[in-house]
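# coords please:
(one chain, ligands or ions: 1)
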Amino acid sequence: MHSTIKKPSLRWLAFTCVCLFFLFEFVVRIEPSLAASDIAHFLGLSNTEFGVLASLFFWVYAPMQLVVGLALDRFGVRRTLVPAVLLCALGAALFAASNQLALTAVGRLLTGFGASFAFVGALYVVNHQFAPERFAVLSGIVNAMGMLGAAVGAVALSGLIEVNGWRPVFLLTGAAGAGLFVLAFLFLHGVRTNESRNSHLLAPLRTVFSSRRIWLIAVVGSLFYMPVNVFAGLWGQQEMIKDHTLSPVQAETAVSMIYWGMAAGSVLSGIVSDWLGHRKWLVVVTALLAALAYSLAIYGPTTSVLQSAALLFMGGLFGGGQMLTFAMAKEGEPTEVSGSVIAFVNMVGIGSALIFQPLLGYLVDLEHGSFAIAASTIPLCLLASALLALLVREQRHPDHISATQATT
Ligand SMILES: N[C@@H](Cc1c[nH]cn1)C(=O)NCC(=O)O
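Numbers count the residues shown, from 1 in each chain. So this is what the prediction gives:
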């Protein structure tokens with residue numbers, strides 16, 4: 001049966017710490033892109049070399065997901081997340097303070113290493129310290145924090161960088177991370193339960209890899225998340241400029257609406273899902289509605305920034321339904337493997353960028369610069385996600401049924 005720590009105030013303090021960590025992680029993740037040419041010039045790098053430097057973050061982040069899940073399942077929240085916050089902050093500070101490329105690269109690797117604990121760690125806290133019927137809405141709030149970090153952080157830091165230069169601002173970010181470490185040290189506590197820890201460190205991976213259901217849900221989540229990874233993250237701005245004659249600033253504004261929509265949608269879909277006590281059909285319906293919104297945004301005849309922004313906002317809003325895949329996946333298994341299950345779904349989800357980002361570029365080149373075929377992968381992935389979600393078996397392990405639900 002599910003257990004929660006006794007004092008609600010401790011639970012909410014832990015939740016606040018992990019939400020702030022995910023927000024911080026998202027800010028340091030995108031920070032280099034806000035001063036790309038200044039950093040490249042300072043370190044004497046070409047654009048390609050700068051791209052490699054910034055991407056070091058993801059080289060550690062993606063494979064670390066499996067380690068993060070195992071570490072959480074084995075050592076719990078406090079012993080993993082508190083050092084992770086410190087390493088993430090130290091990495092950001094080192095990136096800013098160093099004059100040498102090698103040290104800057106170590107800083108970026110360290111940032112990615114620490115950051116890799118944030119999202120899964122936050123969902124782990126939600127899973128272990130709150131009642132099961134709150135999982136979807138609270139994990140939606142976690143996701144919204146990251147999206148707001150990307151949307152608001154980018155604008156706020158760009159302004160500061162313009163006035164003060166990138167190094168003082170990046171150092172300030174590192175200092176904010178140090179402050180967050182102190183908060184986490186003081187207030188981020190795990191729960192002591194009488195749940196059995198796994199007898200073998202790698203045991204949760206066996207459960208994850210051998211479950212056809214978890215693989216299926218991870219692919220559903222990945223296809224559902226694909227527009228955020230690929231359209232919002234890379235190609236959207238170009239598509240908007242080319243096909244809808246928006247200016248670069250208008251296109252960036254319209255595409256950033258995906259993050260705002262996603263922030264609202266993650267929370268809303270969580271509220272509706274926890275209220276209905278249901279996941280699967282919401283995933284199917286929101287994926288279909290997101291497919292419709294993106295199709296209209298991409299293939300519709302509009303040249304108005306307002307209409308494009310509204311349609312992309314709707315795409316993000318319905319896209320918030322992808323967060324429910326985490327609830328679906330972990331609810332099928334015992335709590336002692338939740339960290340690994342959540343981390344695996346996340347790894348497959350963010351890993352889809354490795355396939356789809358270059359694939360879209362390839363298709364655009366193949367069509368001599370036209371997005372007509374390349375962009376069709378966006379609604380197609382969403383449709384595939386909805387269809388595959390239909391195949392997911394509804395399953396709820398007793399660990400994810402709260403005492404109140406169990407007695408009704
Ligand atoms: N919402 C996740 C990504 C995802 C994976 N499957 C479905 N969605 C997310 O934002 N993760 C944050 C991260 O970058 O780790």
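# can you name the next helix or strand after the helix or strand containing residue 184?
Using DSSP states H and E, residue 184 sits in helix 166-187. Of the helices and strands lying after helix 166-187 in sequence (DSSP H and E), the nearest is helix 203-210.
# which residues sit against that next one?
Applying C-beta atoms under 8 Å, 6 or more residues apart in numbering, the external contacts of helix 203-210 come out as 66, 69-70, 73, 198, 214, 333, 336-337, 339-341, 344. Every residue, glycine included, has its C-beta placed from N, CA and C.
# the same query, at a cut-off of 10 Å, please.
Contact partners of helix 203-210, identified using C-beta atoms under 10 Å, 6 or more residues apart in numbering, comprise 66, 69-70, 72-74, 197-198, 200, 214-215, 218, 329, 332-334, 336-345.
# ok, and of those, which contact the ligand?
residue 345 (C-beta under 6 Å from any ligand atom).
# can you give me the helices in the stretch 301-408 of the chain?
305-319, 324-331, 338-366, 377-390, 403-407 (DSSP state H, counting those that start in this stretch).
# just checking, what packs against the first one?
Applying 3 or more C-beta pairs under 10 Å, 6 or more residues apart in numbering; DSSP states H and E, we find helix 305-319 packed against helix 212-226, helix 236-244, helix 248-276, helix 280-299, helix 377-390.
# so which residues on this protein come close to the ligand?
Residues of the chain lying near the ligand (C-beta under 6 Å from any ligand atom): 119, 143, 146, 221-222, 225, 322-323, 325, 345-346, 349-350.
# repeat the analysis, applying 5 Å as the threshold.
By the rule C-beta under 5 Å from any ligand atom, the part of the chain lying against the ligand is 119, 221, 225, 322, 346, 349, 350.
# the helix holding residue 184 - what's its average pLDDT?
Mean pLDDT, helix 166-187: 97.
# let me see the contact set for the residue nearest to residue 371 when sequence neighbours are not counted.
Leaving aside its sequence neighbours, residue 371 sits nearest to residue 239 (C-beta to C-beta, 6 or more residues apart in numbering; 4.6 Å). Residue 239 sits next to 231, 246, 251, 255, 297, 298, 360, 364, 371, 374, 375, 378 when contact means C-beta under 10 Å, 6+ apart.
# which of these scores worst on pLDDT?
Lowest pLDDT among the contacts of residue 239: residue 360, 84.
# for that residue, which non-adjacent residue is closest in space?
Closest to residue 360 by C-beta to C-beta, 6+ apart is residue 374, at 4.7 Å.
# against residue 300, how distant is the residue nearest to residue 371?
Distance, residue 239 to residue 300, using C-beta to C-beta, to the nearest Å: 12 Å.
# and residue 258, by the same measure?
Distance from residue 258 to residue 300, by C-beta to C-beta: 16 Å.
# same question for residue 18.
Using C-beta to C-beta, we find residue 18 at a distance of 39 Å from residue 300.
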